[in-house]
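S.K.: No sequence on hand, only this structure:
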């Protein structure tokens, strides 16, 4: 499967009005600092047309292939989202977490969108819905029943109010 961000950069260069986005990029499999720069670059070059579906995935083999532990992938994504936003908001940026740590790092490429690239949190679970409310700009469920979607949207709303 081709890299989705490379495809989006290509599409951004060939179009001027098309909104750009991923299905669900598996966030914990990427370096937060590198992902922040790649997303900001595509958003800047496309003049703010980027939004990213992002989640934790489910395939252990993918994690093994890139050398990232499968356990605690939800916490890893939460931390990555916070670290990416820190890099976009502060110069220099400092972040100390359980999985991601950097001190006085500059991310000179900033998103075109003043609030940063929107993150649509992928997943169908209760934790994914909570993550969407706490850290996301939207919820991107997959293979979910109407009843489960209604329940998850309540979780999204409650978590957003909490945040």
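M.R.: Yep, it's here. Source: prediction; values computed, not measured.

S.K.: And the residue lying closest to residue 46 once chain neighbours are set aside, how far from residue 42?
M.R.: Computed as CB to CB, 6 or more residues apart in numbering, the closest residue to residue 46 that is not its neighbour in sequence is residue 12, at 3.8 Å. Heads up, the C-betas are built off the backbone N, CA and C, glycines and all. Distance from residue 12 to residue 42, counting by CB to CB, to the nearest Å: 6 Å.

S.K.: what residues are shared contacts of those two?
M.R.: 20, 50 (CB atoms under 8 Å, 6 or more residues apart in numbering).

S.K.: So for these two, which residue has more residues nearby?
M.R.: Between residue 12 and residue 42, counting by other CB atoms under 10 Å, residue 42 is the more crowded of the two (24 against 20).

S.K.: Now do the SS call for the more buried one.
M.R.: What DSSP: H, G, I helix; E, B strand; the rest coil gives for residue 42 is helix.

S.K.: Pretty sure it sits against residue 48.
M.R.: No. Applying CB atoms under 8 Å as the test, residue 42 and residue 48 come out as separate, 10.3 Å apart.

S.K.: quick one: the helices in the protein?
M.R.: 4-14, 32-45, 60-66, 73-89, 126-135, 146-162 (DSSP state H).

S.K.: how about the ones you listed, which one is nearest residue 116?
M.R.: In terms of CB to CB, the element of the helices of the chain nearest to residue 116 is helix 73-89, at 4.9 Å.

S.K.: Check the offset of that closest one from the chain's centre.
M.R.: With CA atoms, centre = their mean, to the nearest Å as the basis, helix 73-89 stands 8 Å off its chain's centre.

S.K.: what comes up buried for it?
M.R.: 73-74, 76-81, 83-88 (16 or more other CB atoms under 10 Å).

S.K.: contact partners of that helix?
M.R.: 27-28, 30, 32-33, 35-37, 39-40, 54-57, 63, 68, 93-95, 97-100, 102, 105, 107, 110-111, 116, 119, 127, 131, 134-136.

S.K.: what's near enough to touch residue 25?
M.R.: Residue 25 neighbours (CB under 8 Å, 6+ apart): 4, 5, 52, 53, 54, 55.

S.K.: Select, from these, the two members most distant in space.
M.R.: Most distant of those, by CB to CB, are 5 and 55, 15.1 Å apart.
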